[in-house]
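Asker: Sequence and predicted structure are below.
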Amino acid sequence: MAATEDGGFSSPSSTNFLPGGNDPIQEEMYTPVRVLGKGAFGEAVLYRKTEDNSLVVWKEVNLTRCSERVMYDAQNEIEILSMLNHANIISYFNHFLDDQSLFIEMEYANGGTLYEKIVHQDGTLFEEELVLWYLFQTVSAVAYIHQIDVLHRDIKTLNIFMTKSGLIKVGDFGISKVLGDDKMAESVVGTPLYMSPELVKGQQYNAKSDVWAIGCVLYELLTLRRVFEASNQLKVVWGIVQKEHEDIDERYSKEMHSLVTQLLAKDPENRPSAAEIMANPLLSDKKKERNRKVWELNGIVRRAKSQSSFQAETVPVVTFTNSEVFYWGGGRLTPLKLEAFKDGNRALQVAAGHSHFASVTVEKEIFTWANVHGGQALVGQLGHGDTACYKAPKKVEKLQGIPIKAVGCGEEFTACITDEGQVYTFGSDYYGCLGRGEDYEPEDDDDDDEEEVKSPILVSFFNERPVNKISCGDNHILALTKDEQVYSWGCGEFGRLGLGNEDDYKLPQKVTFQGKKEIKTVSAGSEGSFFLTTDGKVYACGSNEHNRLGFNTVTAGLRKRIVKECYDIPYKDIPTLVKPLNRYNIKAVSAGHTHSATIDNFGRLIMFGSNQYGQLGVGDCKGRSGICEVKGFLTGKHVVTASCGDGFTIIATTDNQIFSFGHVDSGRLGHGDDLTGSHKKKQSVSTPKPVFGSLHMVSGLSCRYWHTIIIAEKVVSKPKTLRSTPRMDSNSSKVSSQLSHDSVFTAAVGQDGEKSAPNQTPERSSGSIESRPQESLKQEPSTNHTSGNMSHDEGLHTGDSGQETGGTGSMSQREETNGGGKDDDENGEDSAMPPWLKNELEKAEFIPMPTIESMNNDSTNSATPKVAAPPQYNSTAAKPPSGKPELDGSSCSDSGFQRPHFVPPLSFAALSQTEDNFKMGLAQDVEVEALRDRVTHLENENKKLFTMVSDQHVRLLELEKRLSQIEGTGV
Ligand SMILES: Nc1ncnc2c1ncn2[C@@H]1O[C@H](COP(=O)(O)OP(=O)(O)OP(=O)(O)O)[C@@H](O)[C@H]1O
């Protein structure tokens with residue numbers, strides 16, 4: 001990781017180049033999500049890659065006490081997996097070595113196993129078509145491996161994984177074996193229930209044994225029970241060798257009956273090969289169609305795999321974070337923690353509507369709930385099939401099984417996109433925001449009336465145009481498709497749809513731009529829309545009242561009187577360049593009710609629009625005619641995300657602070673201030689003020705109306721850098737010899753007895769990007785670093801924190817964790833947690849933060865916030881903008897697929913200084929105020945002088961004119 005000014009891991013992934021033209025080194029940031037289960041090797045743990053929020057599985061093989069057999073299986077699994085490339089086989093991504101463990105990174109199948117699917121049927125038989133769909137994919141995978149002389153040898157419904165979209169993924173190649181010359185493998189392996197007759201008899205077997213297992217799987221799919229299930233193993237074995245299987249249900253076709261009989265033939269010679277099964281009309285008739293479906297559904301994985309097959313040595317950095325969701329506003333004066341979002345329900349993205357919230361979890365499920373006031377009625381925006389007011393997050397069951405990527409909330413509707421780019425909407429269709437068109441016929445008449453749709457419906461318009469990003473305004477929606485086209489629909493008042501008129505549209509309409517524009521992000525606000533291009537330019541349309549779109553230009557007149565002139569632009573109905581922002585390279589934009597926020601590539605916050613409540617954060621509530629950069633408190637800080645609500649703004653910085661400013665009313669700012677008393681306190685906060693008393697990395701933020709919802713992550717321990725990655729042999733595409741038995745041990749122990757392996761890897765000197773030696777990768781990032789003259793492009797590659805390398809700081813993370821690791825493993829108290837993770841968590845420095853109890857009473861009392869002292873303000877002051885790396889992936893508001901920026905927490909010592917720093921911050925604030933007054937005074941003086949000079953100039957000109965007249969007449 002290279003050092004960044006903000007002291008944080010500003011870019012989760014980076015690529016650096018070794019001197020001498022060697023292969024690049026790529027850093028990947030990971031966060032553990034949950035333990036999936038324990039197998040023969042060790043535990044399988046689900047991780048989130050912070051770069052793209054994708055989920056991967058790491059199968060851990062503990063090398064310290066593993067048997068030869070386990071070592072062999074692990075190595076075998078890697079070798080087999082790394083040579084396979086098939087849509088219906090779990091993809092291998094990478095593998096890493098730690099001192100104690102080998103980690104195999106592979107594709108995560110998010111839909112459970114085929115076994116679970118069968119159990120879930122609860123006795124209801126599958127339709128034949130669905131059975132064939134599963135069979136087609138399974139046989140296709142097996143035919144592929146047989147073609148390259150690989151046997152699976154452990155095919156069972158528990159090893160056939162599924163994605164939520166119904167794709168089959170054959171996994172667990174632990175006991176697969178590449179066949180030798182004789183194409184026969186001898187060892188008896190596998191689960192008895194799926195063992196072929198020749199296997200249980202101890203005879204040699206070949207690929208036909210896998211076919212038998214497929215027969216068992218097919219039988220299970222058709223009957224929902226195992227073929228020769230019995231009360232003891234002996235009976236199972238007897239059944240396999242002697243018994244004929246019981247007949248399947250009559251509802252299935254005779255071809256299906258026949259296929260089952262063929263696959264379960266006792267004599268392997270009589271069984272068809274996998275290729276022959278594929279040729280059976282049951283499977284071959286719809287082959288093209290089914291292959292196409294597999295190809296489409298596998299699109300996401302294909303991309304993930306192709307990205308990771310980049311020939312780079314990957315250094316994985318695991319950060320242990322604790323993710324929590326808080327919301328406030330709408331009468332709740334301080335942040336309330338939502339307990340629902342833990343483990344597999346960990347929130348990935350959040351969105352706020354006028355009276356409801358939505359969240360997408362790491363498992364790609366969507367939860368919605370309401371926060372209504374004064375008998376306000378719901379209209380189906382929660383998608384639960386009714387208009388009940390669910391106050392706690394509830395999963396949208398109708399979308400169960402559909403992988404949701406992101407969600408947005410409008411005033412009274414919700415829209416979400418799936419991994420495949422489909423769009424679902426629900427709630428009020430008053431303005432046509434559900435995108436279903438005029439001719440839409442509801443499937444269930446009872447469920448939805450004309451304008452209220454209570455369960456998600458598919459916006460079929462996008463079936464052929466997969467959507468990448470979506471943003472909901474109060475009453476309109478913007479969508480950016482994967483092929484970079486922009487569509488808008490819903491309320492068209494003030495031209496907010498960018499279609500050149502003010503009409504409402506019930507179907508998505510294509511938004512056109514003059515000239516070629518590469519749109520990166522769309523952001524819909526109350527009455528306007530923003531479109532952000534890849535080169536940092538901002539286009540907008542809709543109402544510009546209060547200058548909320550930033551169109552107004554202010555010029556210092558060159559004419560007679562040198563005064564400022566403001567050109568007020570009321571609205572635009574086609575996307576129009578926001579010229580005043582031209583001098584910035586804008587990376588994120590958020591449209592609020594009466595104002596807007598943008599963030600540039602240096603993390604500067606640039607605001608415009610109404611400043612009635614100080615929501616521009618510039619230190620007063622005076623109106624501003626143009627755009628303004630928020631300095632003062634934010635000077636030197638790097639803003640990563642911002643969101644604008646009704647009269648207020650929430651921002652987060654790379655040093656893990658969350659600030660709010662603007663209208664105090666109803667808890668909008670989350671400070672605990674109360675405006676409901678008879679003697680109202682100050683109504684506004686015009687400079688950024690911290691919301692939390694502890695430090696949080698904000699990976700999700702959304703404000704609408706008077707609500708705010710955030711995902712706050714705390715880094716609970718030092719990042720753990722795994723020492724090395726065995727390299728892939730680029731010619732053979734097999735793992736290098738490091739993975740022979742001996743070499744695994746050598747790599748893990750012998751070569752590196754002193755456990756300081758990073759010292760031994762080549763030093764990276766990648767020009768101005770990276771100037772510190774490799775060993776610091778293992779240290780705890782703690783202080784700020786500035787890097788030299790980092791260019792714009794270089795900035796994209798950085799991702800490092802500064803390092804403290806002195807004293808104990810030079811001790812590796814692994815050395816520290818090794819200390820107590822063994823005991824953890826043995827006591828078995830929490831077998832679901834790998835020892836190193838448990839150890840990390842035990843040693844973790846938790847940063848105190850307000851608990852739910854301390855917040856619960858706040859909405860009724862005029863309570864002061866029960867939060868700790870605000871965090872430090874000045875210790876992490878960054879370099880001036882010119883040297884900063886580009887801020888990438890930041891996003892304002894609910895369009896946000898923000899890329900998290902991990903910054904390690906400050907130590908307790910640092911926290912204890914925060915009060916002093918806070919006071920210092922306040923003193924500086926006073927100074928800043930005084931300086932500001934002085935500047936204003938000087939500006940006024942200057943203006944007067946200018947006026948005098950210009951008057952004199954005019955008089956001089958007049959005198960000259962008169963003189964020349966006099967000279968001309970000779971008087
Ligand atoms: N790629 C994957 N995607 C989703 N879940 C997985 C994946 N790999 C493993 N799992 C789940 O993780 C758990 C442990 O898996 P693992 O393969 O380590 O053991 P197992 O298959 O249960 O046992 P064994 O490997 O000894 O046969 C299982 O519940 C399995 O369903």
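Answerer: Now that the structure is in, tell me what you want to look at. Being a predicted model, the structure only gives us computed values, none of them experimental. Residues are numbered from 1 along each chain as shown.
Asker: Which residues of this protein lie near the ligand?
Answerer: Contact residues, the chain versus the ligand (Cβ under 6 Å from any ligand atom): 36-37, 39-41, 44, 57, 59, 90, 106-109, 113, 161, 171-172, 174. Every C-beta, even on glycine, is put in place using the N, C-alpha and C of the backbone.
Asker: Put the buried members of those into a ChimeraX selection.
Answerer: A single ChimeraX command is used to select the members of the residues of the chain next to the ligand judged buried by 16 or more other Cβ atoms under 10 Å:
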select :36,41,44,57,59,90,106,107,108,109,113,161,171,172,174
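Asker: Report how many residues lie close to Leu938.
Answerer: Neighbour count of Leu938, defined by other Cβ atoms under 10 Å: 10.
Asker: and if you look at Gly536?
Answerer: 17.
Asker: who's in contact with it?
Answerer: Tyr584, Asn585, Ile586, Lys587, Asp600, Asn601 (Cβ atoms under 8 Å, 6 or more residues apart in numbering).
Asker: Not counting residues beside it along the chain, what's closest to the first one?
Answerer: Spatially, and ignoring its direct neighbours in sequence, Tyr584 is nearest to Asp600 (4.2 Å; Cβ to Cβ, 6 or more residues apart in numbering).
Asker: Hmm, Val589 and the one you found touching each other?
Answerer: No. Using Cβ atoms under 8 Å, Asp600 is not in contact with Val589; the gap is 10.4 Å.
Asker: Counting neighbours, go ahead and name the busier of these two.
Answerer: Val589 (30 against 23).
Asker: Out of the residues of the chain next to the ligand, name the ones that lie in strands.
Answerer: Leu36, Gly37, Ala44, Val57, Lys59, Met106, Glu107, Phe161 (DSSP state E).
Asker: Give me the pLDDT for the second one.
Answerer: If I follow you right, that is Gly37. Looking at Gly37, its pLDDT is 89.
Asker: Show me what His663 is bridged to.
Answerer: Ser684 (DSSP bridges).
Asker: what do you get for Leu701?
Answerer: Under the criterion used (DSSP bridges), Leu701 bridges to Ile710.
Asker: what's around it, how many residues?
Answerer: 29.
Asker: per-residue confidence for whichever residue of the stretch 551-700 of the chain sits closest to the ligand?
Answerer: Across the stretch 551-700 of the chain, the shortest distance to the ligand (Cβ to the nearest ligand atom) belongs to Ser699, at 23.3 Å. On pLDDT, Ser699 comes in at 87.
Asker: Checking it next. Helix, strand or coil?
Answerer: Put simply, Ser699 is strand when judged by DSSP: H, G, I helix; E, B strand; the rest coil.
Asker: Next: the one 4 residues further on.
Answerer: Assigned by three-state DSSP, the conformation of Cys703 is strand.
Asker: And it, how far from Ala351?
Answerer: Distance, Cys703 to Ala351, by Cβ to Cβ, to the nearest Å: 10 Å.
Asker: what sits in contact with each of those two?
Answerer: Ile709.
Asker: okay but Ala388 is in contact with Leu378, surely?
Answerer: Yes. Counting by Cβ under 8 Å, Ala388 does reach Leu378; the two are 7.3 Å apart.
Asker: Which one of those two is surrounded by more residues?
Answerer: In this view Ala388 and Leu378 are compared by other Cβ under 10 Å, and Leu378 has more residues nearby, 21 against 12.
Asker: Next one, pLDDT for the more buried one please.
Answerer: 90.
Asker: got it, and Asp154?
Answerer: pLDDT, Asp154: 88.
Asker: next one: Asp149
Answerer: 87.
Asker: And for the one 10 residues further on?
Answerer: Per-residue confidence at Asn159 stands at 94 (pLDDT).
Asker: Now do the contacts for it.
Answerer: Asn159 neighbours (Cβ under 8 Å, 6+ apart): Thr113, His152, Val170, Gly171, Asp172.
Asker: cool, Val170 as well?
Answerer: Per Cβ under 8 Å, 6+ apart, neighbours of Val170: Asn88, Ile89, Ile90, Thr138, Ala141, Val142, His152, Ile155, Asn159, Ile160, Phe161.
Asker: Over to Gly550?
Answerer: By Cβ under 8 Å, 6+ apart, the contact list for Gly550 reads Val538, Ala540, Asn544, Val578, Pro580, Leu581, Ser596, Thr598, Phe608, Gly609, Gly626, Ile627.
Asker: what about stretch 217-237, how long is it end to end?
Answerer: One end of stretch 217-237 to the other measures 17 Å (Cα to Cα, to the nearest Å).
Asker: Buried ones in that stretch, by neighbour count?
Answerer: Under 16+ other Cβ under 10 Å, the buried positions of stretch 217-237 are 217-224, 226-228, 230, 236-237.
Asker: just stretch 128-148 next, same as before
Answerer: When neighbours are counted by 16+ other Cβ under 10 Å, the buried residues of stretch 128-148 are found to be 128, 131-146.
Asker: how many neighbours does the closest residue in space to Pro580 that isn't next to it in sequence have?
Answerer: If the residues on either side of it in the chain are set aside, Pro580 comes closest to Ile627, at 4.8 Å by Cβ to Cβ, 6+ apart. Here the number of neighbours of Ile627 (other Cβ under 10 Å) works out to 23.
Asker: Distance check, the residue nearest to Tyr584 against Val640.
Answerer: Counting by Cβ to Cβ - Asp600 and Val640 are separated by 12 Å.
Asker: try Asn611
Answerer: 23 Å.
Asker: Neighbour count: those two, which is higher?
Answerer: Val640 (32 against 25).
Asker: hang on, the more buried one is in a helix, isn't it?
Answerer: No. With three-state DSSP as the criterion, Val640 is strand rather than part of a helix.
Asker: Lovely, talk soon.
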